[in-house]
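[1] Based on what follows, work out the 3D shape:
(one chain, ligands or ions: 1)
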Amino acid sequence: SQRVVIIGAGIVGTNLADELVSRGWTDITVVEQGPLYMPGGSTSHAPGLVFQTTSSKTMTNFARYTVEKLQSIEKDGQNCFNQVGGLEVATTPARLEDLKRKHGYTSSWGIEARLVSAEECLKLYPHLNKDVVLGGLHIPSDGLALAARATQLLIERTRDAGVKYLESTPVTGIERANGRVTGVTIPNGSIAADIVVSCAGFWGVELGAMVGLSIPLLPLAHQYAKTTPVPSLVGRDLNKKINGKNAELPILRHQDQDLYYREHGDQYGIGYYGHRPMPVKASSLGLTSKNVDEKNMPSRLEFTAEDFDPAWRETQRLLPMLRDTEIADGFNGIFSFTPDGGPIVGQAPNLDGFWVAEAVWVTHSAGVARAVAEVLTTGRSQIDITECELSRFEEVQLSQEYIEETSSQNFVEIYDILHPSQPKESPRQLRTSPFYAREKELGAYFLELGGWERPFWYESNKELLNYLPPKWKPVERDAWSAQFYSPIVAAEAWKTRNAVAMFDMTSFHRFEVSGPGALDLLQRLSTADVNTKPGTITYALMLNDQGGIRSDIFISRLEENLFQIGANTATDLAYLSREARHHSQKGNFVQVREITGSTCCIGLWGPRARDVINEITTDDFSNKGLPYFGVKQATINGIPVTAFRKSYVGELGWEIQTTAEYGQRLWDIIFQAGKIHGLIAAGRGAFNALRLEKGYRTYGTDMNTEHNPYEAGVAGAVRASKWEDYVGKAALERIPSKQKPSRRLRCLTVNDGRSMVLGKEPVFYNGKAVGYVTSSAFGFTVRKPIAYAWLPGNLDEGAGVEIEYFGRRIKATVVAEPLYDPDNKRLLA
Ligand code: FAD
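    Alright, predicted model coming up:
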C-alpha cells in the first residue's frame, strides 16, 4: 500500500481516510493542527444543511452519496443524518419559475422532488407567513448532516482500522524530490509519504503556497445566528420524537433574500448570504490548538450584528413566530469560495503525489472523498470530476486579483437566479484575440470563457435579416431562451451554409508537442494511430485507464517530431505536461508547450471559402494541394500561416493560424478579399448551431469520463487496428463490440419546430424520466431545435420523448445523426 498523509481532520479528510481504508489501503496518517475532538475548521461549526440538487450532475451525485454515507455511519442506534427533507420557497414570480427549472434538475439527476403550492408549503412548514410564500420545491431526501459527529465517528472507525492520527500538529512544509512529494514536515520532524492529500479546507491556500501552487479559493466569513428559544416550541420533546436529532421540520431556503433556516431544538438557526463579502486570510487567524472550544475556534469570527440587520427583519417577515425571539448567539464563520463555485480537487500540476480536496461543502464531502480515493486507487472516479479539477483554471484565473474578485462575486450571487449563458461582468477583457478591435468595430456581442472574450454574433450582420429566405427566418423564442441570444445568429448560419464566414477560433486551446519522444507519447495517450505522414490531422480521444473519455483532441503532425494538439481545457495541458515529464525522465525527451495566446486562428468556412482563399494566396488550396484533414504551411499575402483543412461547422474551409503579431493583418486581408464573395464575420451562436447539426460533440458538456467512446458516439476516433498499447485500450477491449450500450448520447429534434431547451433538462419516455439533455441549439437545416441527450440504449430512432422545460413538456423525437451532410460532401468539396 502507498504511504498516505492526509492534512486536516475535517469532514473531508476523515471521509478520505475512511474511503481509502475501505479500499484496502493501510498506511495512512492524518495530521491535524487542532485538537481532534474539535479541530476548529469549518466542519466544527457547520450547521450541516444538505440541499442535494444543483445544476451540476456531478455535485448532485456527490451530495446523494454523502447522504447515503452519513445515514450509514451509526453509533448507539443513531446515524449522522436527519432526513427532515428540504423546502425551497419562492416569494417572487421569478423564483417560482426558477423552481420549475430546478425541479427539472432533480428529474435529470434522479432525485425525487415535488413542486408544491403555497398551501402545501404551509402544510409542510406551518410557521411560514402565508402572505409571503408563492410556492416551493420539496425534496424529501434532503436534510441535516451531523457533520461534527460524523467526523468523530469516522476518526474512531478509521483509527480502529489502523489509521494514525496526529493532533495539535501543524504541517509546516511539504517535502519533495525529483518532482514528487516525499513527505510532510511537522514541528518535531517529518513523515514520509508517497501521496499527500491536502484536505485543509480554507487553509488550502497556505498549503498550496508551500509547494508554489496557487489554490484558487478565497476564505470568506458567512453569518450564522441562533435565536433565543421560540416560546411556542419550548417543551416540545424532540428527543423522544426523532431520536435525539434536534430538528423535525424540513430545512428551509428563502433564496430571494439570501437566507436559510434550520431548527436547533426550540431555537432557530439562520444563515445569511446577503451581507458584504468579508474575505479572510487564513494565515492571520491567531488561535492555537490550545484554546479551541464551541465559541473559540479559528474558523469562527466575531458576529457583526449590523450586517445581519436586513436578515433579521426579513426573517421576522417570513417566520412571524420568530418576532417573539431575539438573536442569542451569532458568529461570522469562515469557509471557502472559488472563482466558479466548484470545489478544488485533483493532483498538483507541478508536483506528483500532491493532491488537494478543498473548498468542499459538508454536502459533497463524502462524495468528493470517494472520488479522490477512487482516482488514487483505480485511476478513475465513477462520478466525473472534470468540473472540480484543480487544473481546470487558466493561468490568468490563478492570480490573486482574479480569485478574490470572482470568488467574492460568487458569494454575492450564491442564491441568485442565473442564466446558464450569463457571463461575468467583471473582470473582463482579460484575454482578447488580435482580432478584437475589428470585432468590436463590427459590433460583436462578447461572452466570456476562460478569460477570453468570444464574439457570439455581430450587430453589423443585423441587416442580413432583411434578406433571409423564408425558410431561414428565425423563430420566436421564449423570454428565458432569448437571453444572450440574437436572431442575427440565424443570418450568420445562413451565410455560412450558403456563402462563407470567418470565425475567431483563437480561444481554442492549442499545444505544441515536440521532441524525439513526441510520437511515442501521443501514441500512448491517444486512441488513434498518429504515426502518420507529416501534414496529417487525426481526431483522437484521450481515455482514462477504465476507458472513460478524458478529452477529445485533434493531433496534427507538422513535422516528424513536431505535433500540434487542438484540445479542450487547461486540464488537458496539465495531463499532457505531466505525462511528457515522465516520458522525458525515462530518457525519451518530449516537451509540451501551450501556444494558445501566442497564436491566433480564423476558421474560414462555407461553400465559397476557396474563392476567398484563392484571392489572397498563391499556395495550392485545392483538394489535391490540401486534402481534408491535411495541414500545411502557407502564406496569405505574405503572412506565414499554418492551414488546417478541417471544420467544426461542416463546410469546406480551413483553420488559418498565425502568430499573434500578424493577427490583425490576417483578419483584414481575409475580410477585404471575402467581401465580393459574400463573406461575413460570424460568432459562437451560429457556430454552436452548425456544429450540432453535424453531430460534433463538446467535451465536458456532451461527454466526460463517465462515458466510453461507444456510448458517446465517437467510436470512430478509436483505431481498432492500432497495435501499440495506449491508456484505456485494455478497458475498451473488454467492452463487447456487438452489444448495444445501455445508454447512448442521442440526437433529438423538437417536434413543434420552435420550443427551445438549453441543456440539462430531463427527458421523459412513457412518462418516466430516462435521461437528460446535454447540448442544444436551433438547427437551421432541419428548421427545428436540436437537443443531444443521454438516453437508454434501447430507445431507437423514431421514439417519441418529452423534454421538461420550466414544468412544460416539449415533444421531441430521437433521430438519426448527423442531421446535416452525413456523407461529408460539403467538407470534401
Ligand atoms: P475543515 O473542516 O475546515 O477542515 C480542515 C482542517 O484542516 C481543519 O481542521 C484545520 O485545522 C486543518 N488544517 C489546516 N491547515 C493545516 C495544517 N497546516 N496542518 C494540519 N492541519 C491543518 N456546508 C454545507 O454543506 N451545509 C451547510 O449548511 C453549511 N453551512 C455553513 C455555515 C457556516 C457558518 C460555515 C462557515 C460553513 C458552512 N458550510 C456548510 C461549509 C462547510 O462547513 C465546509 O465547507 C466544510 O466543513 C469544509 O470541510 P473541510 O474538511 O474541507 O474543512
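[2] Enumerate the residues of the stretch 51-200 of the chain near the ligand.
    Residues of the stretch 51-200 of the chain found near the ligand, taking Cβ under 6 Å from any ligand atom as the criterion, are 170, 171, 199, 200. Using the backbone N, CA and C atoms, a C-beta is placed for each residue, glycine as well.
[3] Most neighbours among those, which one?
    When neighbours are counted by other Cβ atoms under 10 Å, residue 199 leads these with 31 neighbours.
[4] thought that residue was touching residue 10?
    Yes - taking Cβ atoms under 8 Å as the definition, residue 199 is a contact partner of residue 10 at 6.5 Å.
[5] and residue 445, that's in a strand?
    Yes - looking at residue 445 with DSSP: H, G, I helix; E, B strand; the rest coil, it is inside a strand.
[6] Residue ranges in the stretch 651-800 of the chain under the pLDDT threshold?
    For the stretch 651-800 of the chain, the stretches with pLDDT under 70 are 738.
[7] Contacts only, for the residue of it at minimum distance from the ligand.
    Closest contact between the stretch 651-800 of the chain and the ligand, by Cβ to the nearest ligand atom, is at residue 760 (21.7 Å). By Cβ atoms under 8 Å, 6 or more residues apart in numbering, the contact set of residue 760 is 55, 57, 104, 105, 108, 420, 772, 773, 774.
[8] Does the one helix or strand the fourth one maps to pack against any helices or strands, and if so which?
    Secondary structure assigned from DSSP states H and E places residue 105 in helix 93-109. Counting contacts by 3 or more Cβ pairs under 8 Å, 6 or more residues apart in numbering; DSSP states H and E, the secondary-structure elements packed against helix 93-109 are helix 57-72, strand 86-90, strand 114-117, strand 135-139, strand 762-765, strand 768-779, strand 800-805.
[9] Tabulate these in CSV, adding columns for mean neighbour count.
    Shown next, in CSV, are these (neighbours: other Cβ atoms under 10 Å):
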stretch, mean neighbour count
helix 57-72, 22
strand 86-90, 26
strand 114-117, 16
strand 135-139, 24
strand 762-765, 22
strand 768-779, 21
strand 800-805, 21
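[10] For residue 276, find the nearest of these.
    strand 86-90 (24.3 Å; Cβ to Cβ).
[11] Could you list every helix and strand in contact with the closest one?
    Against strand 86-90 (3+ Cβ pairs under 8 Å, 6+ apart) you get helix 93-109, helix 118-124, strand 135-139, strand 251-254.
[12] ok, which stretches of the stretch 451-600 of the chain are helices?
    Counting by DSSP state H, counting those that start in this stretch, the stretch 451-600 of the chain has helices at residues 488-498, 518-525, 570-585.
[13] Out of the ones you listed, which one sits most buried?
    helix 488-498 (a mean of 25; mean count of other Cβ atoms under 10 Å).
[14] Just say helix, strand or coil for the residue nearest the centre of the chain.
    Centroid-nearest residue in the chain, with Cα atoms, centre = their mean: residue 387, separated by 3.0 Å. Following three-state DSSP, residue 387 is assigned to helix.
[15] and it, what pLDDT?
    Residue 387 is assigned a predicted lDDT (pLDDT) of 96.
[16] Run a quick check on it versus residue 700, I expect a contact.
    Yes - using Cβ under 8 Å, residue 387 makes contact with residue 700 at a distance of 7.3 Å.
[17] helix/strand/coil for the residue lying closest to residue 704 once chain neighbours are set aside?
    Spatial nearest neighbour of residue 704, chain neighbours left out: residue 384 (4.1 Å); criterion: Cβ to Cβ, 6 or more residues apart in numbering. Under three-state DSSP, residue 384 falls in the coil class.
[18] Close to the ligand: what parts of this structure are there?
    So the chain meets the ligand at 7-13, 31-34, 39-43, 46-49, 170-171, 199-201, 203, 207, 222, 224, 271, 299, 333-335, 358, 360-363 (Cβ under 6 Å from any ligand atom).
[19] In strands, which of those residues fall?
    7, 31, 49, 222, 224, 271, 333, 334, 335, 358 (DSSP state E).
[20] Let me see the contact set for the first one.
    Just to be clear, that refers to residue 7. For residue 7, the contact set (Cβ under 8 Å, 6+ apart) comprises 13, 30, 31, 171, 184, 196, 197, 198, 199, 200, 207.
[21] cool, and the last one?
    For residue 358, the contacting residues are 12, 198-202, 204, 215, 217, 336, 343-345, by Cβ under 8 Å, 6+ apart.
[22] Mind pulling up the pLDDT for it?
    98.
[23] How much space separates it from residue 16?
    12 Å (Cβ to Cβ, to the nearest Å).
[24] how many neighbours does residue 626 have?
    That count, for residue 626 with other Cβ under 10 Å as the rule, works out to 20.
[25] Skipping adjacent residues, who's closest to it in space?
    That would be residue 645: by Cβ to Cβ, 6+ apart, it lies 5.0 Å from residue 626.
[26] can I assume residue 343 is in contact with residue 360?
    Yes - if you go by Cβ under 8 Å, residue 343 and residue 360 touch, sitting 4.5 Å apart.
[27] If you count surrounding residues, which of those two has more?
    Ranked by neighbour count (other Cβ under 10 Å), residue 343 and residue 360 place residue 360 first, with 31 against 28.
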